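Q: just to be clear, the model below is a prediction. Sequence and coordinates:
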Amino acid sequence: MIYLTNSKLTSGLLAAAWGLLLLTFSCTPELHSPKTTTIADGWANNSVNVVVFRKNSLVTHHNTQYAAWYDQDRSVVLAKREVGSEKWEIRRTDFKGNANDAHNSISIMVDGDGFLHLSWDHHNNRLKYARSTSPGSLELTDKLPMTGINDLNVSYPEFYRLQNGNLLFFYRDGGSGRGNMVLNAYDTQQKEWRQLHQNLIDGEGQRNAYWQAYIDERGTIHVSWVWRESPNVASNHDLGYARSTDGGRTWEKSNGEKYSLPITAATAEYAWKIPQNSELINQTSMGADSKGNPFIATYWREQGETVPQYHIVYQDGNEWKELELDFRTTPFSLSGAGTKRIPIARPQIMVKTKGAKTAALMIFRDEERGSKASVAIIDDVKSGKWELKDLTEKSLGSWEPTYDTELWKNKGILNLFVQKVEQVDGEGRANMPPQAVEVVAWKPKF
């Protein structure tokens, strides 16, 4: 394993600090060796199986873990196993998707009754949705409707499970630069969907919100987003925030002030102001500490600098703060439409509270580190210090991290969905044979 320490800390101080942390059982994770399990081969000619906005690629209910991906024939494949087992039950479904477009990812979630829900193959087209015929089954229904409202131009479907076992379903209605954010809710008792908001975050026909969401241990729903003014990724700007404490019905700012819905560019709370043409990426990830304070992981280039860096923007209960992880040295620029080939991945963040400290893990990929699955380990966010560790030994090409959110929440075990893929810039198609779909398991100790 290779480590890189924050350059702001001298090697002597680091050694002393690390020894003290080990002796006092601090919240720094104990770095166990990651374990990799192979499921099967899958489509690898672009990044559709490993885009960061898959919610989820892996999901656990009780002690059963589910996975989904496209195979070489672009069929939707499902699999399940007992958590930790190397034996997977695999089912190739009758559903297919346009895997040539990396937007058209597969999202899955299991509701509180054990039914698997699936949505796939979306980029400004009619909703595709199905669920399992019985709890724990990989057998799916035919395509089903949800609400029949605002579902003809769907992109970025994402499922989230509430504490009571009901589900939320986020998606964009409309195109890049002119879309609105829709929120549906599923009741496990009635087995029915209803639309909570036709237009939660309103682009007003001029822009759209690219969001990320998280449900914390208190049941609060956190949403943050960047605005995009046009299909050009360079027009991304600013980092907005909203939360809901009643299952998504009403929304408020971080200070408790109620939003008048829909949220617009003029009424939004801004966690951080970031101008256009800053290499600000869209659709990253969120987490929250035990007090419900939100944490947002993303990357952008500071004004006057040439190198985009990863950033963590967070609320400390009083104000928004920002931590720049300035370990990168290579410049790059974001511009144009379609799925980009970018030398770094959009990050995933996981947050844990230990006493007065808030620790965080940020999962990423960077060509500077050989395009492996890597993690920034932050013992105390307020300290501004971190360590870097690689969780895989080989290059993963254009991989972006997704993980089993429910397994992490319930057991503190990180299961990453991993596959080596190649993304050609602007929705191009690479010539790569099928690659192994794998799960990398790692249990840090906070």
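A: Nice, I can see it.
Q: all contacts plus neighbour counts: C-alpha atoms, from now on.
A: Noted.
Q: what about the strands in the stretch 251-400 of the chain?
A: Using DSSP state E, counting those that start in this stretch, the strands found in the stretch 251-400 of the chain span residues 269-272, 285-288, 294-300, 309-315, 320-325, 348-354, 357-364, 374-378, 387-390.
Q: format those strands as TSV; extra columns: mean pLDDT.
A: Formatted as TSV, the strands of the stretch 251-400 of the chain follow (pLDDT from 0 to 100):
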stretch	mean pLDDT
strand 269-272	98
strand 285-288	98
strand 294-300	98
strand 309-315	98
strand 320-325	97
strand 348-354	93
strand 357-364	96
strand 374-378	97
strand 387-390	96
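Q: and residue 214, that's in a strand?
A: Yes. Under DSSP: H, G, I helix; E, B strand; the rest coil, residue 214 falls within a strand.
Q: check contacts around it.
A: By CA atoms under 8 Å, 6 or more residues apart in numbering, the contact set of residue 214 is 160, 221, 222, 223, 285, 286, 287, 288.
Q: go ahead and confirm residue 132 touches residue 144.
A: No. Counting by CA atoms under 8 Å, residue 132 sits too far from residue 144 to count as a contact (11.1 Å).
Q: comparing those two, which residue is more hemmed in?
A: Applying other CA atoms under 10 Å to residue 132 and residue 144 shows that residue 132 carries more neighbours, namely 18 against 12.
Q: contact partners of the helix or strand harbouring residue 37?
A: For residue 37, the element it lies in under DSSP states H and E is strand 35-42. Outside of strand 35-42, the residues within contact range by CA under 8 Å, 6+ apart are 69-72, 86, 88, 434-442.
Q: what of stretch 308-324?
A: Here stretch 308-324 makes contact (CA under 8 Å, 6+ apart) with 271-272, 279, 293-302, 325-328, 330-332, 381, 384.
Q: buried ones among those?
A: For the contacts of stretch 308-324, a burial check counting by 16 or more other CA atoms under 10 Å picks out 271-272, 279, 293-302, 325, 327, 381.
Q: make TSV from the strands of the stretch 251-400 of the chain and add distance to residue 124 to it.
A: Listed next are the strands of the stretch 251-400 of the chain as TSV, based on distance: least, CA to CA, whole Å:
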stretch	distance to residue 124
strand 269-272	28
strand 285-288	22
strand 294-300	25
strand 309-315	30
strand 320-325	34
strand 348-354	25
strand 357-364	28
strand 374-378	33
strand 387-390	36
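Q: so which of those strands is nearest residue 60?
A: Ranking the strands of the stretch 251-400 of the chain by proximity to residue 60 (CA to CA) places strand 348-354 first, at 16.7 Å.
Q: tilt between that closest one and strand 294-300?
A: Angle, strand 348-354 to strand 294-300, by axes from the mean of the first three to the mean of the last three CA atoms, to 10 degrees: 140 degrees.
Q: partners of strand 348-354 in the sheet?
A: Applying DSSP bridges, strand 348-354 is found paired with strand 357-364 (antiparallel).
Q: so what strands line up beside the strand holding residue 37?
A: Note on strand 35-42: by DSSP bridges, its sheet partners are strand 435-442 (antiparallel).
Q: neighbours around the residue lying closest to residue 51 once chain neighbours are set aside, how many?
A: Nearest-residue entry for residue 51: residue 400, 5.5 Å, with adjacent residues in sequence omitted and distances by CA to CA, 6 or more residues apart in numbering. Per other CA under 10 Å, the neighbour tally for residue 400 reads 32.
Q: burial check on the closest residue in space to residue 275 that isn't next to it in sequence, number of neighbours?
A: In this structure, residue 275 finds its nearest non-sequential neighbour in residue 237, 5.1 Å apart by CA to CA, 6+ apart. Using other CA under 10 Å, residue 237 has 25 neighbouring residues.
Q: and residue 237, what element?
A: Assessed by DSSP H and E, residue 237 sits inside strand 236-244.
Q: quick one, what contacts residue 230?
A: The neighbourhood of residue 230, defined by CA under 8 Å, 6+ apart, consists of 176, 177, 178, 206, 207.
Q: most neighbours of all those residues, which one?
A: In terms of neighbour count, residue 176 stands highest of those at 25 neighbours, by other CA under 10 Å.
Q: what two of the contacts of residue 230 are the furthest from one another?
A: Within these, 176 and 206 form the most distant pair, 9.8 Å apart (CA to CA).
Q: ok, back up a step: let's have the contacts of residue 230 in JSON lines, adding distance to residue 409.
A: What follows is the contacts of residue 230, written out as JSON lines (distance: CA to CA, whole Å):
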{"residue": "176", "distance to residue 409": "32"}
{"residue": "177", "distance to residue 409": "34"}
{"residue": "178", "distance to residue 409": "34"}
{"residue": "206", "distance to residue 409": "37"}
{"residue": "207", "distance to residue 409": "34"}
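Q: let's see which of those residues end up in strands.
A: Residues of the contacts of residue 230 located in strands (DSSP state E): none.
Q: so among those residues, where is pLDDT lowest?
A: When the contacts of residue 230 are compared on pLDDT, residue 177 comes out lowest, with 71.
Q: so that one touches residue 228, yeah?
A: Yes. Contact criterion CA under 8 Å: residue 177 and residue 228 qualify, at 5.5 Å.
Q: quick check: neighbours shared by the two?
A: 207, 208.
Q: from residue 209, how far out is residue 202?
A: 8 Å (CA to CA, to the nearest Å).
Q: which residues are common contacts for these two?
A: Taking CA under 8 Å, 6+ apart as the contact criterion, the residues that touch both residue 202 and residue 209 are 179, 180, 181.
Q: mind checking the end-to-end distance for stretch 226-240?
A: The straight-line separation of the ends of stretch 226-240 (CA to CA) is 6 Å.
Q: I misspoke; the intended subject was stretch 144-155.
A: Counting by CA to CA, you get 17 Å between the two ends of stretch 144-155.
Q: any buried residues in it, and which?
A: So, applying 16+ other CA under 10 Å, buried residues of stretch 144-155: 146, 150, 151, 153, 154, 155.
Q: same check, this time on stretch 436-446
A: With burial defined by 16+ other CA under 10 Å, the residues of stretch 436-446 counted as buried are 436, 437, 438, 439, 440, 441, 442, 443, 444, 446.
Q: before I go, just wanted to say thanks for your time.
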